[in-house]
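*Asks:* curious how this folds, go ahead:
(chains A, B, C and D)
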2 protein chains.
Amino acid sequence: MPYRRTPAVQARLDAQRVTLVDAATRLLAEGGYAACTIAAVAARAGVAAGTVYRHFDSKTALAAEVFRAVVDHEVGAVQAAISTEESAAGRVQALVETFAGRALRSPRLAYALLAEPVDPVVDQLRLDYRCRFRAAIAEIITAGIASGELPRQDPTVVAAALVGAIGESLVGPLAGVEPGDPDTVSSVITLALRAIGAVHAVYA
Amino acid sequence: MPYRRTPAVQARLDAQRVTLVDAATRLLAEGGYAACTIAAVAARAGVAAGTVYRHFDSKTALAAEVFRAVVDHEVGAVQAAISTEESAAGRVQALVETFAGRALRSPRLAYALLAEPVDPVVDQLRLDYRCRFRAAIAEIITAGIASGELPRQDPTVVAAALVGAIGESLVGPLAGVEPGDPDTVSSVITLALRAIGAVHAVYA
DNA sequence: GGAAGCAATGAATCGTGATTCATTTGTTTC
DNA sequence: GAAACAAATGAATCACGATTCATTGCTTCC
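*Replies:* This next block holds a predicted model:
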């Protein structure tokens, strides 16, 4: 048995993989999918193009992994923010604030995540991403209806609409130009609360 | 002067141009931008690829013309529907119904129009499209506030959010699979009315 | 009818970026 | 140290669709 991959080598390979995903993520955040070529990723990671293929079968596979990692991170942040709130209104507010804050901090990434189409496989992941947010919102609404805080409504449709509303308000402008000011976020919160029928904290 | 373009020839050329735009529109509606290659457009129109370039400088120019035509048509339909209504609530309802009805009838086209990115020039046209809808909604809201029918709010942000909500509800699912049933439309109407603070026709 | 020139053709060319693979470099084991 | 093989390289290849252009076919006008 003249060769076996030692733990040291394995660790280096693992680290290299991480470096690749990281490089791709940064490139995505900087210039969108178009900037995320294999050559660019490899260069950023300090390896040759061919080396990328020792870790990923295809560009799509790399993109999928990047996407999944970023989405998990984003969803996690939102869920953490939600979990500290009790009421439906509080949770929705926390969700929008967290989501919007992060999106405004990395606008290009948010755009790539929410809107920029690319590849059927990645598009499917984007849908999953939206679905996860949708599910989070739907859950809040369902609980709110059950507790009597919110009026009866179709949680799925309302959640989809809110995802759209938030996305449009935040990354819609992005595709154009302006950065999106803080007032926008509070307007969106107000609107979201009104849309779900949480009539209290409204009419700012 | 051994040659001059006669009216008959001009008419044929004009018709050919229309045929090209029409072919591209159908292809767009069937398979999105990816299906809309020069070769496919030419084949559908019954001409050679090179002929396309006698009418359009580039694929982008063709796409832009297609986009503009389709958008004008869509916006026109919505505006016609709005114009027959008096109240803000009635107008919003008409707008959503019209937009949604058309989108559900040509889902692939709606997706291309609302979400599918392609090319900076076309992307800009898409933004214009959204802006026009946004403007239409903002106008309704502004008028509603002025008349006292609606509470004070930021019409621009609310309009953007509604565009997003409508788009997400209707074409979001599309990117995935299902066709989007009629109940969805009425749910979206209810939500839109509630979101703008038109508390009446609500709580269905 | 025929000269003059526009219109149409479609195969060849180009550009872009993913993917391959023969070769070089690095590790492991004895 | 040397055999045996893995990892890394990056130039060459491929794929795909837009774009060009030399050639062929049509119109016009006298």
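
*Asks:* dump the residue contacts of the closest residue to A:Ala165 other than its chain neighbours.
*Replies:* For A:Ala165, ignoring the flanking residues on the chain, the nearest one in space by CB to CB, 6 or more residues apart in numbering or on different chains is B:Ala161 at 3.5 Å. Backbone N, C-alpha and C define where each C-beta goes, glycine included. When contacts are counted by CB atoms under 8 Å, 6 or more residues apart in numbering or on different chains, B:Ala161 touches A:164-166, A:168-169, A:188, A:191, B:195.

*Asks:* quick one, helices of chain A?
*Replies:* All helices of chain A, identified by DSSP state H, fall at A:7-35, A:38-45, A:49-55, A:59-83, A:88-105, A:107-114, A:120-147, A:155-176, A:182-195.

*Asks:* can you put those in a markdown table and add mean pLDDT?
*Replies:* Putting the helices of chain A into a markdown table (pLDDT from 0 to 100) gives the following:
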| stretch | mean pLDDT |
| --- | --- |
| helix A:7-35 | 92 |
| helix A:38-45 | 95 |
| helix A:49-55 | 94 |
| helix A:59-83 | 94 |
| helix A:88-105 | 91 |
| helix A:107-114 | 86 |
| helix A:120-147 | 87 |
| helix A:155-176 | 75 |
| helix A:182-195 | 83 |
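
*Asks:* hey, which of those helices is tucked in deepest?
*Replies:* When you average the neighbours per residue for each of the helices of chain A (mean count of other CB atoms under 10 Å in any protein chain shown), helix A:155-176 leads with a mean of 25.

*Asks:* run the chain-centre distance for that helix.
*Replies:* 13 Å (CA atoms, centre = their mean, to the nearest Å).

*Asks:* now stretch A:50-58
*Replies:* 25 Å.

*Asks:* dump the C-alpha coordinates for it into PDB.
*Replies:* Output of stretch A:50-58 as PDB, limited to C-alpha atoms (Å, rounded to 0.1, in the frame of the first residue of the first chain):
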ATOM      1  CA  GLY A  50      -8.300  22.400 -13.000                       C
ATOM      2  CA  THR A  51      -8.000  22.100  -9.200                       C
ATOM      3  CA  VAL A  52     -11.500  23.300  -8.800                       C
ATOM      4  CA  TYR A  53     -12.600  20.100 -10.500                       C
ATOM      5  CA  ARG A  54     -10.900  18.000  -7.900                       C
ATOM      6  CA  HIS A  55     -13.500  19.300  -5.500                       C
ATOM      7  CA  PHE A  56     -16.600  19.900  -7.600                       C
ATOM      8  CA  ASP A  57     -17.900  18.000 -10.600                       C
ATOM      9  CA  SER A  58     -19.000  21.100 -12.300                       C
END
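
*Asks:* DNA strand C contacts on chain A?
*Replies:* Within chain A, the positions near DNA strand C by CB under 7 Å from any atom of the strand are A:1-6, A:8-9, A:34, A:36-39, A:49-50, A:53, A:58-60.

*Asks:* 6 Å - rerun?
*Replies:* Within chain A, the residues that sit near DNA strand C (CB under 6 Å from any atom of the strand) are A:1-4, A:6, A:8-9, A:37-39, A:49-50, A:53, A:58-59.

*Asks:* in these, find the pair that's most separated.
*Replies:* A:Met1 and A:Thr37 (39.2 Å; CB to CB).

*Asks:* pull up the gap between A:Ser186 and A:Gln93, please.
*Replies:* 9 Å (CB to CB, to the nearest Å).

*Asks:* could you do A:Gly101 as well?
*Replies:* In terms of CB to CB, A:Gly101 sits 12 Å off from A:Gln93.

*Asks:* cool, A:Glu30 as well?
*Replies:* In terms of CB to CB, A:Glu30 sits 31 Å off from A:Gln93.

*Asks:* and if you look at A:Val163?
*Replies:* 16 Å.

*Asks:* one more: A:Ile137?
*Replies:* With CB to CB as the criterion, A:Ile137 and A:Gln93 are 12 Å apart.

*Asks:* do A:Leu20 as well
*Replies:* 38 Å.

*Asks:* spell out which parts of chain A neighbour DNA strand D.
*Replies:* Counting by CB under 6 Å from any atom of the strand, chain A sits next to DNA strand D at A:2-3, A:5, A:16, A:47-51, A:54.

*Asks:* distance to A:Ala88 added to the residues you listed, as JSON lines?
*Replies:* As requested, these are exported to JSON lines (distance: CB to CB, whole Å):
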{"residue": "A:Pro2", "distance to A:Ala88": "64"}
{"residue": "A:Tyr3", "distance to A:Ala88": "60"}
{"residue": "A:Arg5", "distance to A:Ala88": "52"}
{"residue": "A:Gln16", "distance to A:Ala88": "45"}
{"residue": "A:Val47", "distance to A:Ala88": "49"}
{"residue": "A:Ala48", "distance to A:Ala88": "53"}
{"residue": "A:Ala49", "distance to A:Ala88": "50"}
{"residue": "A:Gly50", "distance to A:Ala88": "52"}
{"residue": "A:Thr51", "distance to A:Ala88": "49"}
{"residue": "A:Arg54", "distance to A:Ala88": "49"}
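
*Asks:* before I go, just wanted to say thanks for your time.
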